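A.B. asks: return a 3D structure for these sequence lines:
(one chain, ligands or ions: 1)
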Amino acid sequence: MLYVGVSACLLGHKVRYDGGHKGYSFCQNELSRYAEYLPLCPEVGIGLSVPRPTIRLTGDIESPRAIVTDTGDDLTAKLAAFADMHVGKLSQLSGYILCAKSPSCGTEGVRLYKANSEENAREGIGIFAARLRTLFPALPIAEDRNLDDPVMRENFVLRLFVYSEWRAITAAIRANERATGNDAEPTRDGLRSFHSRHKYLLFAHDDRLHEQLAHELQKISEFTDEFLDSYILKIMLALAEPATREGHTRVLLKLQGFFKQRINSKDRLELAQLISQYYHGEVSLAAPVTLMNDYLGRYPDQYLASQSYFHPYPGDLNLRCDI
Ligand code: SF4
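C.D. replies: Numbers count the residues shown, from 1 in each chain. The predicted structure is shown next:
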């Protein structure tokens, strides 16, 4: 089960400044089948009432302030400290879904006002969201409005599952260290397995990173927190850029090579046609991947079956049918 932070208003909690909510169907109905949520409202969390006066981001882009419009009170420090107060729980998360446009939760394009002026530009980041990013740079974070886009939604869910797996692996690594007094071999095995399993998934996003990180893993003798944080950050930053049609085609062509010797000429032709149709935008990614999964069922291969590219998240989310 994933553990995901969510702006409480997106789960239907009536915590907004006007007493309403912004219930978001994807969180409430779809992802909830696979996620336990940590619902937080930073503004209510720092003691504001519901309803309450509006807050706006004010000042310059480098150091915006969250100012109550009625009173001029500056809530910046309290909103940032709210994230620090919950750092224990936040460090358990596999991702976070934040409410767009909010001066507390918005991750981009929040209205930023010039001091003592109505002049504004959509270039701010909410105070809580900015602190969250600073504390957990590898954590997958998305806004509700981005998740309406099929490519962004698929990408975010994919990252949730990869990061969730990573958290479980690092927890096992630390448990092993405590039990064995820092024996590096089981750690190396766990990392090697994670690295191998996500090879083609990563390859769709970045054609070099997997190999670069493989060299780093080979060379390293001590798995410090610094090394592990740097390793996963590089992976999560690469995955955060959605794979292009070219990137997926690069992977599909590589995988096609594995099947060539096993399937007959009719199946080879069918697969080649589907990959070409996908590349030209005539079918979704689900079409060639489903066919490859079918071949994997008929011609089992342990290495290929282990690749997360074939099943990066539960299939009934149907996320590859629209990309
Ligand atoms: S956007 Fe954030 S601060 Fe605003 S109501 Fe929703 S959870 Fe609370």
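
A.B. asks: tell me which helix or strand residue 13 sits in.
C.D. replies: When elements are assigned from DSSP states H and E, residue 13 belongs to no helix and no strand.

A.B. asks: over to residue 236?
C.D. replies: Here residue 236 is covered by helix 225-240, with elements defined by DSSP H and E.

A.B. asks: quick one: contacts of the following helix or strand past that helix?
C.D. replies: From helix 225-240 onward toward the C-terminus, using DSSP H and E, the following helix or strand is helix 245-260. Contacts of helix 245-260 with the rest of the structure, by C-beta atoms under 8 Å, 6 or more residues apart in numbering, involve 200, 203-205, 207, 267-268, 271-272, 275, 278-279, 281, 285, 288-289, 292, 295, 299, 301, 304, 309. C-betas here are computed from N, CA, C, even on glycine.

A.B. asks: equivalent analysis for stretch 267-286, please.
C.D. replies: Residues lying outside stretch 267-286 but in contact with it, judged by C-beta under 8 Å, 6+ apart, are 245-246, 248-249, 252-253, 256, 259-260, 263, 287-288, 291-292, 295, 318, 320-323.

A.B. asks: filter those residues by proximity to the ligand?
C.D. replies: Contacts with the ligand within those, counted by C-beta under 6 Å from any ligand atom: none were found.

A.B. asks: are any of those residues buried, and which?
C.D. replies: A residue is treated as buried here by neighbour count (16 or more other C-beta atoms under 10 Å); on that basis the buried members of the contacts of stretch 267-286 are 248-249, 252, 256, 259, 263, 287-288, 291-292, 295, 320, 323.

A.B. asks: now for these: which two are most distant?
C.D. replies: In the buried ones among the contacts of stretch 267-286, the most distant members under the criterion C-beta to C-beta are 263 and 323, with 25.1 Å between them.

A.B. asks: tally of neighbours for residue 56?
C.D. replies: Using other C-beta atoms under 10 Å, residue 56 is surrounded by 18 other residues.

A.B. asks: check which element follows the host helix or strand of residue 195 along the chain.
C.D. replies: Of the helices and strands defined by DSSP H and E, residue 195 is found in helix 184-197. Going down the chain from helix 184-197, the next helix or strand is helix 199-205, by DSSP H and E.

A.B. asks: need the contact partners of that next one.
C.D. replies: Contacting residues not belonging to helix 199-205 are listed as 158, 162, 209-210, 235, 238-239, 241-243, 247-248, 250-251, 254-255, 307-309, 312 [C-beta under 8 Å, 6+ apart].

A.B. asks: report the buried members of these.
C.D. replies: Applying 16+ other C-beta under 10 Å to these, the neighbour count classes 158, 162, 209-210, 235, 238-239, 242-243, 247-248, 250-251, 255, 307-309, 312 as buried.

A.B. asks: ok, residue 3 - contacts?
C.D. replies: Under the criterion of C-beta under 8 Å, 6+ apart, the contact partners of residue 3 comprise 35, 36, 37, 38, 92, 93, 94, 164.

A.B. asks: out of those, list just those in helices.
C.D. replies: The helices in this structure, assigned by DSSP state H, contain residue 164 from the contacts of residue 3.

A.B. asks: could you break this protein into its assigned domains?
C.D. replies: By the record's domain assignment, the chain is partitioned as 2-147, 149-323 (automatic domain parsing).

A.B. asks: if you compare those, which one is most tucked away?
C.D. replies: Per residue and on average, the most neighbours among the domains of the chain fall to domain 2-147, with a mean of 18 (mean count of other C-beta atoms under 10 Å).
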